[in-house]
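Participant: Task: produce atomic coordinates for the following.
(one chain, ligands or ions: 2)
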Amino acid sequence: MRLRRMTLREIQMPLVIPFETSFGRTTLRRILLVEADVDGVIGWGECVAGEGPFYAPETVETAWLILRDFLWPSLSGKEFSTAAEVWDLLARVRGHNMAKASLEAAIWDAEARQRGVPLWQLIGGVREEIGCGVSIGIKETDDELERTVERELAAGYQRIKIKVKPGRDVEPVARLRKRFPTIHLMVDANSAYRQEDAPLLQQLDAYFLMMIEQPLGWDDIWSHAELQRKLQTSICLDECIHGEEHARAAIALGACRIINVKLGRVGGYTIARRVHDLCQSKQVPVWCGGMLESGIGRAHNIALSTLANFSLPGDVTASRRYWAEDVIEPEVTVTSAGTIHVPSGPGIGYEPRLPRIEQLAVRREVLS
Ligand code: NPQ
Ligand code: MG
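Facilitator: Ligands and ions are numbered 1, 2, ... in the order given. Here you go, the predicted model:
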């Protein structure tokens, strides 16, 4: 196999409702799509880097530059026998996992299409239906939050995650727990707290949360280990886990009991599978995180979620929770049981709508 051509496009899509986290508010997503031509077969990937370096260091601009100036030259003209070899070919570039993942995932899609098999089967997935949870942004009032949770539960979603930040934490959780005593509930702080906040975070132990996601520094595994010793509630790490080494360190140190896996954050399927396998061997459950993806990234998240140890519902939801109109056909839909049926077609199993993508594109570049 050889990468013959790589087409980068930036599309811009307005969210149906703004999404607020402890690091900021997003209303418009700038999304970098990668189209890879592998021996004449087209595969698609999505770069999940943000508009600014506030969740992670990469941005749409840095990813574009790295893809064009460093990843394309690392792959073009190179022969490989499977997408599983792509990670090693890109390894000379340090970091920039979101850029790497977008290209690697596109090549996995192309390989699956070339073989005529669903990508989820090619990566070793074991289930044809995945469980779904929702991630709810920070709301101005508890009333608004409560109404939103009510609506998502009515839609069938299996667990509710709310974003928290200092000043919007214990009270909203207490209120939700009172109103919904038995739901699967969790919080995500996106690194908004410090070690000194341990007493405040300990108050959350009273509400039987499934987990507290990434309360402390985005790259600080050690402090999470100290905090986990003081908490009954399980810590789940997101931002801290950039690869297998981080997962191994975090588990060994007792910094978390659950790990959120995102393709972009760990650099693609090869490392996502290594993190998955390691966690499975240590009996640490994983689940698939979300990055407000278009249908392309969403489809990849669905494929990833079919691996055996993705035993908790992920942040993988229906297209229409985010977009008025998605860029894939069909759109992603969720059953009333809060599940997604994994598609059986080749590759990611959804068809990119090229005319729609071109219409949304504000920038493109073809490398060949
Ligand atoms: C998380 N996602 O699990 C992330 C955070 C996040 C669905 O909760 C632009 C780019 C906007 C990256 C919003 C969810 C984003 C973003 C949220 C990442 O922590
Ligand atoms: Mg998170």
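Participant: Flag every residue of the chain that's near ligand 1.
Facilitator: Contacts of the chain with ligand 1, taken as C-beta under 6 Å from any ligand atom, map to 19, 21, 26, 50, 55, 135, 188, 190, 238, 289-292, 315. In short, each C-beta sits where N, CA and C put it, glycine included.
Participant: can you put these in CSV and add distance to ligand 2?
Facilitator: Below are the residues of the chain next to ligand 1 laid out as CSV (distance: C-beta to the ion, whole Å):
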residue, distance to ligand 2
Phe19, 12
Thr21, 8
Thr26, 14
Gly50, 12
Tyr55, 8
Ser135, 8
Asp188, 4
Asn190, 6
Asp238, 4
Gly289, 6
Gly290, 9
Met291, 9
Leu292, 12
Asp315, 8
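Participant: Give the buried residues for the strand or helix carrying Met98.
Facilitator: Following DSSP states H and E, one finds Met98 within helix 97-115. Of all the residues in helix 97-115, those buried under the rule 16 or more other C-beta atoms under 10 Å are 97-114.
Participant: That one packs against which elements?
Facilitator: Applying 3 or more C-beta pairs under 8 Å, 6 or more residues apart in numbering; DSSP states H and E, one finds that helix 97-115 makes contact with strand 24-38, strand 41-47, helix 60-66, helix 86-90, helix 119-122, helix 263-266, helix 269-281.
Participant: quick revisit: spatially, which two of the residues of the chain next to ligand 1 are the most separated?
Facilitator: Thr26 and Asp238 (16.5 Å; C-beta to C-beta).
Participant: neighbour-wise, which of those two wins?
Facilitator: Neighbours were counted for Thr26 and for Asp238 using other C-beta atoms under 10 Å; Asp238 has more, 23 against 19.
Participant: for the more buried one, what are its contacts?
Facilitator: Residues counted as contacts of Asp238 (C-beta atoms under 8 Å, 6 or more residues apart in numbering) are 188, 190, 213-214, 260, 262, 265, 289.
Participant: Mind checking which of these are in strands?
Facilitator: Applying DSSP state E to the contacts of Asp238, the entries found in strands are 188, 213, 260.
Participant: for Arg5, what are its contacts?
Facilitator: Arg5 makes contact with 36-37, 366-368, according to C-beta under 8 Å, 6+ apart.
Participant: how does it look with 7 Å?
Facilitator: By C-beta atoms under 7 Å, 6 or more residues apart in numbering, Arg5 lies in contact with 37, 366-368.
Participant: Determine the three-state secondary structure at it.
Facilitator: strand (DSSP: H, G, I helix; E, B strand; the rest coil).
Participant: Same check on Leu216?
Facilitator: Here Leu216 is recorded as coil under three-state DSSP.
Participant: thought it was touching Trp222?
Facilitator: No. With contact defined as C-beta atoms under 7 Å, Leu216 does not reach Trp222; the gap is 9.3 Å.
Participant: ok, these two, which is more surrounded?
Facilitator: Leu216 (28 against 15).
Participant: so which helix or strand takes in the spatially closest residue to the more buried one that is not a sequence neighbour?
Facilitator: Residue nearest to Leu216 in three dimensions, not counting chain neighbours: Ser223, with 4.7 Å by C-beta to C-beta, 6 or more residues apart in numbering. Assigned by DSSP H and E, Ser223 falls within helix 221-230.
Participant: tell me which strands and helices that helix is in contact with?
Facilitator: With contacts taken as 3 or more C-beta pairs under 7 Å, 6 or more residues apart in numbering; DSSP states H and E, helix 221-230 sits against helix 198-203, strand 235-237, helix 244-253.
Participant: What residues of that helix count as buried?
Facilitator: The neighbour-count check on helix 221-230 (16+ other C-beta under 10 Å) flags 221, 223-225, 227-228 as buried.
Participant: circling back to that earlier point, most neighbours among the residues of the chain next to ligand 1, which one?
Facilitator: Gly289 (27 neighbours).
Participant: just checking, that residue touches Pro313?
Facilitator: No. Using C-beta under 7 Å, Gly289 is not in contact with Pro313, being 11.4 Å away.
Participant: Ligand 2 contacts on the stretch 101-250 of the chain?
Facilitator: Proximity of the stretch 101-250 of the chain to ligand 2 is confined to 188, 213, 238 under the rule C-beta under 5 Å from the ion.
Participant: Let's have the residues you listed in a markdown table, adding distance to Ser344 and pLDDT.
Facilitator: Formatted as a markdown table, those follow (distance: C-beta to C-beta, whole Å; pLDDT from 0 to 100):
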| residue | distance to Ser344 | pLDDT |
| --- | --- | --- |
| Asp188 | 32 | 98 |
| Glu213 | 32 | 98 |
| Asp238 | 30 | 98 |
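Participant: Which two among the contacts of Asp238 are spaced furthest apart?
Facilitator: Longest distance between any two of the contacts of Asp238 is 13.9 Å, between Asp188 and Arg265; criterion C-beta to C-beta.
Participant: how about the nearest residue to the residue of the stretch 151-300 of the chain found nearest ligand 1, chain neighbours excluded?
Facilitator: Sorted by distance to ligand 1 under C-beta to the nearest ligand atom, the residues of the stretch 151-300 of the chain start with Gly290, at 4.0 Å. Among residues not flanking Gly290 along the chain, Asp315 sits closest, at 3.4 Å (C-beta to C-beta, 6+ apart).
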